[in-house]
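J.: Structure of the sequence below:
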Amino acid sequence: MIWAAIGVNQLVAPVVFQNVGQGRGNGVNADRYINQVLRPFVVPFFQRYRNCLFQQDNARPHTARATQDFLRHNNVNLLPHPARSPDLNPIEHFWDIMQRRINALARRPRTAAELRAAVSQLWAQVPQQQINDLVLSMYRMCVAVINAHGGATHC
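T.: Modelled structure (predicted):
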């Protein structure tokens, strides 16, 4: 499991979850999410950049009471994410870019260690302008979803 964050002129290096196990979400729970992502990466970011919104989907570690309390206590403002919405999260489009780059490698990763190395290497090669374009597309995508009354769009 890998977590990452993007923003206009911002790119947070990928975080590979440690000590994950079997089960739903590969064993990523609210405690691991708080201690391996939110505390070391998200909270410091929001302490530096106060006028931001944090977007996450409705995965169980994200919606857990402990996570919500932690974010509220640390003044991390959340962008509400409807339970059943078309995917409006630009990070998902970023992961698509990463997947295409991994698939284009002459020798695709065969182990978790090789995958981590490939993600780290390819991560730095995505132009910041491409990331900015993904983030800035949010407004257009939200308008399209509203116009489609919450249904599918062609964005």
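J.: the strands in the protein, which residues?
T.: 2-7, 10-16 (DSSP state E).
J.: Please work out which of these is packed deepest.
T.: With neighbours defined as mean count of other Cβ atoms under 10 Å, the strands of the chain peak in mean count at strand 2-7, which reaches a mean of 18. Bear in mind the C-beta positions are built from the backbone N, C-alpha and C, glycine included.
J.: elements contacting it?
T.: strand 10-16, helix 90-103, helix 112-123, helix 128-136 (3 or more Cβ pairs under 8 Å, 6 or more residues apart in numbering; DSSP states H and E).
J.: So which elements touch the longest one?
T.: Helices and strands touching helix 90-103, by 3+ Cβ pairs under 8 Å, 6+ apart, are strand 2-7, helix 112-123, helix 128-136.
J.: please redo it, this time with the cut-off set to 10 Å
T.: strand 2-7, helix 112-123, helix 128-136, helix 138-147 (3 or more Cβ pairs under 10 Å, 6 or more residues apart in numbering; DSSP states H and E).
J.: ok, residues contacting it?
T.: Here helix 90-103 makes contact (Cβ atoms under 10 Å, 6 or more residues apart in numbering) with 2-7, 11, 14, 55-57, 87, 89, 108-109, 115, 118-119, 121-123, 125-126, 130-138, 141.
J.: coming back round to it: pipe the helices and strands packed on strand 2-7 into JSON lines and attach distance to residue 70 per row.
T.: What follows is these, written out as JSON lines (distance: least, Cβ to Cβ, whole Å):
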{"stretch": "strand 10-16", "distance to residue 70": "16"}
{"stretch": "helix 90-103", "distance to residue 70": "20"}
{"stretch": "helix 112-123", "distance to residue 70": "26"}
{"stretch": "helix 128-136", "distance to residue 70": "24"}
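J.: Select, out of the ones you listed, the one closest to residue 66.
T.: strand 10-16 (18.4 Å; Cβ to Cβ).
J.: report the angle between the axes of the closest one and helix 112-123?
T.: Here strand 10-16 runs at an angle of 170 degrees relative to helix 112-123 (axes from the mean of the first three to the mean of the last three Cα atoms, to 10 degrees).
J.: ok, back up a step: can you flag the weakest of the helices and strands packed on strand 2-7 by average pLDDT?
T.: Across the helices and strands packed on strand 2-7, strand 10-16 has the smallest mean pLDDT, namely a mean of 80.
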